[in-house]
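**Student:** Sequence unavailable; structure follows:
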C-alpha cells in the first residue's frame, strides 16, 4: 500500500496543484475519491488505473483524466514515478462525468513538471503555467484504450487472469473449464456486460500491454511474444489495424517526445 502525501486541495485561487509521486515498486493506492479532478501519468514505467468500471494500462505519453467524485484505484507496475495533477472542478473543459485517456504532449509534460518544482503559490510564472496547462489539457487528443470490467464473478476471474497473462492463447472453451461457466455463458456475458466479444476484449488488452512494453523500449519481437503473436509482422498488422499507424510511428513519437 502507498499513501500519496501530500494531497493538497486545489482552489479558485490556486486551481492547479501538481505532485511528482515516488512510490515503492508494485505499489497500490487503494480505491478512493476526492472533490477535485485529477490527471495522472507515469514519467517512467507504467501504471494501472481502475475507475468507473474500466481499467487502463497507462504508459508514458498517456494520461487518465478522472473527474471529481469518481472512485479510483492505482497500481504501479514495477519501478514507477508518476505525476498527479489536481484541478479545481471549474477550470478544465474535460468531461465532468467520464474518465478519458489523453495523449500527453511534450508541452503538457513540461508544464506539469514546472508546477511540481515548488514555485511560490501566487507566483506570476506559476499562474501562467497553470493557465496554459488548462488550455493544453482541453486540446489534448483522446484515445480509446480502456478495458471495460465485468461484475459477474466468473467473467471477472477470466478477465483478471488475462490481465496477468495477456499473451495467453487459451480459447474461450478452455477458459470455460477453468471458470465453471459454459463457453456459451461466457460469450453471452461478454456481450451483455462488456458489449464486446471475447476476441475483441483480449485484443484491446494486448494492445494496451503492447503500448506499455513499447514505451519501455522493448523490441518488437519481444512485444509480439509477450502479447501472443507469432512474430513481429503479425503483431504489426494488428497494431496498424487497431490504431491506424504502424508500431514504428508510435516508437518514433516516443523518441521525439524525449521518452528514450
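**Tutor:** Perfect, I can see it now. Just so we're clear, the structure is a prediction, and the values are computed from it rather than from any experiment.

**Student:** what residue ranges in the stretch 101-250 of the chain score low on pLDDT?
**Tutor:** 118-122, 144 (pLDDT under 70).

**Student:** So which residues of it form strands?
**Tutor:** 142-143, 147-148 (DSSP state E, counting those that start in this stretch).

**Student:** Looking at the ones you listed, which one is packed in the most?
**Tutor:** strand 147-148 (a mean of 19; mean count of other C-beta atoms under 10 Å). Yep, even glycine has a C-beta here, placed from its N, CA and C like the rest.

**Student:** Now find how far off-centre it is within its chain.
**Tutor:** Computed by C-alpha atoms, centre = their mean, to the nearest Å, the chain-centroid distance of strand 147-148 equals 11 Å.

**Student:** And that strand, what does it pack against?
**Tutor:** Counting by 3 or more C-beta pairs under 8 Å, 6 or more residues apart in numbering; DSSP states H and E, the packing neighbours recorded for strand 147-148 are strand 54-58, helix 198-215.

**Student:** and the strands of the stretch 101-250 of the chain as TSV, adding distance to residue 110?
**Tutor:** Output for the strands of the stretch 101-250 of the chain, formatted as TSV (distance: least, C-beta to C-beta, whole Å):
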stretch	distance to residue 110
strand 142-143	20
strand 147-148	30
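
**Student:** how about these, which one is nearest residue 47?
**Tutor:** strand 147-148 (14.0 Å; C-beta to C-beta).

**Student:** Just the residues contacting that closest one, thanks.
**Tutor:** 53-57, 159, 163, 193-196, 201, 204-205, 208 (C-beta atoms under 8 Å, 6 or more residues apart in numbering).

**Student:** change it to 7 Å
**Tutor:** Here strand 147-148 makes contact (C-beta atoms under 7 Å, 6 or more residues apart in numbering) with 53-55, 194, 204-205, 208.

**Student:** and if you look at stretch 13-23?
**Tutor:** The list of residues contacting stretch 13-23 from outside it, by C-beta under 7 Å, 6+ apart, reads 2, 4, 8, 10, 76, 80-88, 91, 112, 115-116, 121, 130, 133-134.

**Student:** Before I go, just wanted to say thanks for your time.
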